[in-house]
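# My questions concern the predicted model and sequence given below.
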Amino acid sequence: MEKFLGSGFYSGFSPAVSGTVGSAVAIIIYLIPGFEELYVIIPVSLIFFFYGIYVGSKFEIKYGKDPSECTIDEFVGTWISLIALPKTVWIITVTFLLWRILDIIKPPPARNLENKKGGFGIMIDDVVSGFYTLIIMHLVVYLFGTF
């Protein structure tokens with residue numbers, strides 16, 4: 001079960017771009033009707049965050065520092081980036097693309113936080129990038145409406 005959840009339903013074992021594959025799996029889960037409800041997405045994100053700290057530490061021991069096999073962090077970052085946004089194809093697509101860009105470039109302090117040891121370091125940079133995406137997307141929706 002640890003390998004299944006820690007690898008984002010085995011998306012972390014994708015031969016290429018495991019972070020993007022993990023984020024795509026997180027989007028598929030988000031598309032389940034009702035998952036976007038605050039009383040679902042927030043608790044599930046918190047549970048996966050804390051479990052990710054635990055299992056991420058185990059993955060780091062087995063696979064090395066911030067291993068690509070561990071994609072539970074992509075799940076959490078993806079879900080954070082979508083909190084309370086309209087559930088439309090365009091919003092989901094733009095949010096996904098922005099999230100992936102910010103997760104890859106890791107604007108400060110995300111890059112510094114990634115250097116923390118263990119599962120906390122694995123998880124926290126994605127949480128920060130997820131919140132950056134969330135703030136930007138809420139500004140976009142506020143300024144331009146849904147599209």
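Everything's here; your move.
# Check the secondary structure at Phe9 for me.
Classification of Phe9 using DSSP: H, G, I helix; E, B strand; the rest coil returns coil.
# ok, Leu113 - contacts?
Neighbouring residues of Leu113 by Cβ atoms under 8 Å, 6 or more residues apart in numbering: Gly121, Ile124, Asp125, Val128. Every C-beta, even on glycine, is put in place using the N, C-alpha and C of the backbone.
# go again using 6 Å as the cut-off
Ile124, Asp125 (Cβ atoms under 6 Å, 6 or more residues apart in numbering).
# what about it, distance to Phe49?
Distance, Leu113 to Phe49, using Cβ to Cβ, to the nearest Å: 13 Å.
# mind listing what's buried in the helix or strand of the chain with the lowest mean pLDDT?
Between all helices and strands in the chain, the lowest mean by mean pLDDT, DSSP states H and E belongs to helix 110-114, at a mean of 82. When neighbours are counted by 16 or more other Cβ atoms under 10 Å, the buried residues of helix 110-114 are found to be Ala110, Leu113, Glu114.
# Same list, these, but as JSON lines with distance to Val76 please.
Putting the buried residues of helix 110-114 into JSON lines (distance: Cβ to Cβ, whole Å) gives the following:
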{"residue": "Ala110", "distance to Val76": "13"}
{"residue": "Leu113", "distance to Val76": "14"}
{"residue": "Glu114", "distance to Val76": "14"}
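# what helix or strand is the residue nearest to the spatial centre of the chain on?
Central residue of the chain (Cα atoms, centre = their mean): Gly77, 2.3 Å from the mean position. Using DSSP states H and E, Gly77 sits in helix 72-81.
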